[in-house]
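Asker: Have a look at this fold, sequence not included:
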């Protein structure tokens, strides 16, 4: 019995010696994880997952794994990943202007035609947008309705007015700081399929984006993507509403801001018709962020529907289709979006009253900001036309600039 007790005592002493030595080394081992009791730091195995890759399966966690999840520096906050970081708000300013016919009908007399003016100013493409370029240069995107063809084709459509300009006229857009155009209108096929193809090739070569006629334009600025689609009364079918729904859904997948442009309405009518009202508001219901209209050649009112703007007609702008239009009033509409984390958190409208010409007695094809009584006239007209609309803007819904 005494011998047995001595053996037990010796074993206990032996175990105490071993435990003491392990403790002195400062390391305790639990499964596959190691924890230092002197530094307080946790270390886990490196699974070696490459960036952007996701492991096929996560192993079930046991007690030691939870210990391994202790942060290396418990007193500091964990760093946010790029996906978790909240972006700062970004302001996106888009300028919209009306019909730009950079050319003429070949039946027009040469005197004071667009071609005559172009040659008279020494073929200087910067002449035409000179008086508004400072606005277009300071925005993030400028968008106009291109109501002409850039072609040298001779075969033309059987209609009253057929517009075309020399392909070199595309430099007018470049010098004017215009990055995007709508091509969905009743003049883009004035020189048939060849004229259409020539126009697209000219725009492509110049780096000018275009939307409409089945084309979608995307433009990225400040990390925000803008998408644009366009339609013309001359080409849409009875399925326009279905097309509109499908197209907006498609653009919304890729864009933070969605522009819908319509060539619609009745020429020289100052109020939108029932089709304009229905399609404009439907576009907003379907997810558009702004709706822009043109074709009547005169200005119409503006809706603010569900917090978003529907500009029914911008009127003419740099318009080679008339050497001296009786109504020269027009305006630049700027939509200022504040975007954060891919969402629009604010939306403001700005209006610059303009004339299509810097001269009152003739069209010199040089859009110009208005001042004084002329400026007030355009403001009053816009407010008057808008007051007839159910969701028409008031002076509190937009800011009038000069």
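Answerer: Received it, and whenever you're ready, just let me know what you need. If you're wondering where the values come from, they're calculated on a predicted model, not measured in any experiment.

Asker: so residue 175 makes contact with residue 126?
Answerer: Yes. Between residue 175 and residue 126 a contact is recorded at 4.0 Å, counting by CB atoms under 8 Å. Bear in mind the C-beta positions are built from the backbone N, C-alpha and C, glycine included.

Asker: In terms of neighbours, single out the busier of these two.
Answerer: A direct count of neighbours by other CB atoms under 10 Å for residue 175 and residue 126 places residue 175 higher, at 16 against 13.

Asker: The more buried one and residue 124: what is the separation?
Answerer: Separation of residue 175 from residue 124 (CB to CB, to the nearest Å) stands at 8 Å.

Asker: now do residue 232
Answerer: Distance from residue 232 to residue 124, by CB to CB: 31 Å.

Asker: now do residue 152
Answerer: Look at residue 152 and residue 124: by CB to CB, they are 21 Å apart.

Asker: again, but for residue 171
Answerer: 10 Å.

Asker: Look at these two and report which has more neighbours.
Answerer: More crowded of residue 171 and residue 124, by other CB under 10 Å: residue 171, with 17 against 14.

Asker: which phi and psi does that one have?
Answerer: Dihedral pair for residue 171: phi -70, psi -20, per degrees, to the nearest 10.

Asker: What residue, apart from its backbone neighbours, is nearest it spatially?
Answerer: Excluding the flanking residues, the one nearest residue 171 by CB to CB, 6 or more residues apart in numbering is residue 125, at 3.9 Å.

Asker: Look up the pLDDT of that neighbour for me, please.
Answerer: pLDDT recorded at residue 125 is 98.

Asker: hang on, it packs against residue 178?
Answerer: No. Residue 125 is beyond contact range of residue 178, at 11.3 Å (criterion: CB under 8 Å).

Asker: Which of these two has more residues huddled nearby?
Answerer: Counted by other CB under 10 Å, residue 125 and residue 178 do not tie: residue 178 has more neighbours, with 24 against 18.

Asker: so what's that one closest to, chain neighbours aside?
Answerer: Using CB to CB, 6+ apart, the nearest residue to residue 178 is residue 142, at 4.7 Å.

Asker: distance between the helix or strand hosting the one you found and the chain's centre?
Answerer: Assigned by DSSP states H and E, residue 142 belongs to strand 141-146. Offset of strand 141-146 from its chain centre (CA atoms, centre = their mean, to the nearest Å): 12 Å.

Asker: so what strands line up beside that strand?
Answerer: strand 90-101 (parallel), strand 180-182 (parallel) (DSSP bridges).

Asker: can you tell which of the ones you listed is closest to residue 330?
Answerer: The closest of the strands paired with strand 141-146 to residue 330 is strand 90-101. By CB to CB, the value is 5.7 Å.

Asker: quick one: buried residues of that closest one?
Answerer: By 16 or more other CB atoms under 10 Å, the buried positions in strand 90-101 come out as 90, 92-101.

Asker: tell me the mean pLDDT for it?
Answerer: 98.

Asker: okay, and the helix or strand of this protein with the least pLDDT?
Answerer: Counting by mean pLDDT, DSSP states H and E, the weakest-scoring helix or strand in the chain turns out to be helix 63-68, with a mean of 30.

Asker: OK, contacts around the most centrally placed residue in the chain?
Answerer: Residue closest to the mean C-alpha point of the chain, counted by CA atoms, centre = their mean, is residue 226 at 2.1 Å. For residue 226, the contact set (CB atoms under 8 Å, 6 or more residues apart in numbering) comprises 92, 94, 141, 218-220, 255-257, 259.
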